[in-house]
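> Quick one, fold the following:
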Amino acid sequence: MPKIVAVCTSEQKGTRKKAVNEGLFREDYGLAGDAHADSCTHRQVSLLAQESIDKMLALGVKVGSGDFAENITTEGIDLVSLSIGTRISIGKDVLLEVTQIGKECHTPCAIYRQAGVCVMPTEGIFTRVICGGVAKVGDQLTVYQG
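This next block holds a predicted model:
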């Protein structure tokens with residue numbers, strides 16, 4: 001069953017995020033306390049699969065949850081196979097809607113400079129918060145194709 005392995009936040013943009021046990025996701029805003037949360041964007045919450053992080057670890061890059069600036073690290077779900085409009089429920093309350101697959105990096109990040117590759121631009125996804133609530137490590141994910 002797909003689940004959350006980390007919830008991550010940062011106080012400033014352009015920095016790695018810190019793994020926390022749980023987070024409050026606010027409707028049409030994002031993860032409370034995270035620098036990327038904003039009601040004016042379609043990229044309120046970012047997700048990256050642990051399986052993507054494992055690819056970087058296999059290349060010898062020492063990374064973990066939050067190092068790619070993702071808010072949620074997942075396990076057991078092929079995020080990049082989802083389509084725009086797909087909804088993901090987390091636990092009992094939180095509902096996200098996929099708004100973007102991947103991203104363009106205008107300047108290479110520290111991970112790209114170190115390894116020559118970074119998974120977030122091709123394997124990360126972005127969502128907006130449809131229904132808010134608390135999500136925590138271990139919560140199960142359910143996918144509803146849009």
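> didn't residue 74 look like it was pressed against residue 45?
No. Checked against CB atoms under 8 Å, the pair residue 74 and residue 45 is beyond contact range at 11.6 Å. From N, CA and C alone the C-beta is placed, and that goes for glycine too.
> any idea what sits nearest the spatially most central residue of the chain, other than its immediate chain neighbours?
By CA atoms, centre = their mean, the chain has its centre lying nearest to residue 47, at 1.7 Å. Among residues not flanking residue 47 along the chain, residue 72 sits closest, at 4.6 Å (CB to CB, 6 or more residues apart in numbering).
> Tell me the pLDDT of that neighbour.
pLDDT recorded at residue 72 is 97.
> give the contact list for it.
Contacts for residue 72 (CB atoms under 8 Å, 6 or more residues apart in numbering) come out as 4, 6-8, 45-48, 90, 135.
> can you check residue 51 too?
So residue 51 contacts residue 75 (CB under 8 Å, 6+ apart).
> While we're on it, how confident is the model there?
96.
> Which of the three states applies to it?
Here residue 51 takes the helix state, with states given by DSSP: H, G, I helix; E, B strand; the rest coil.
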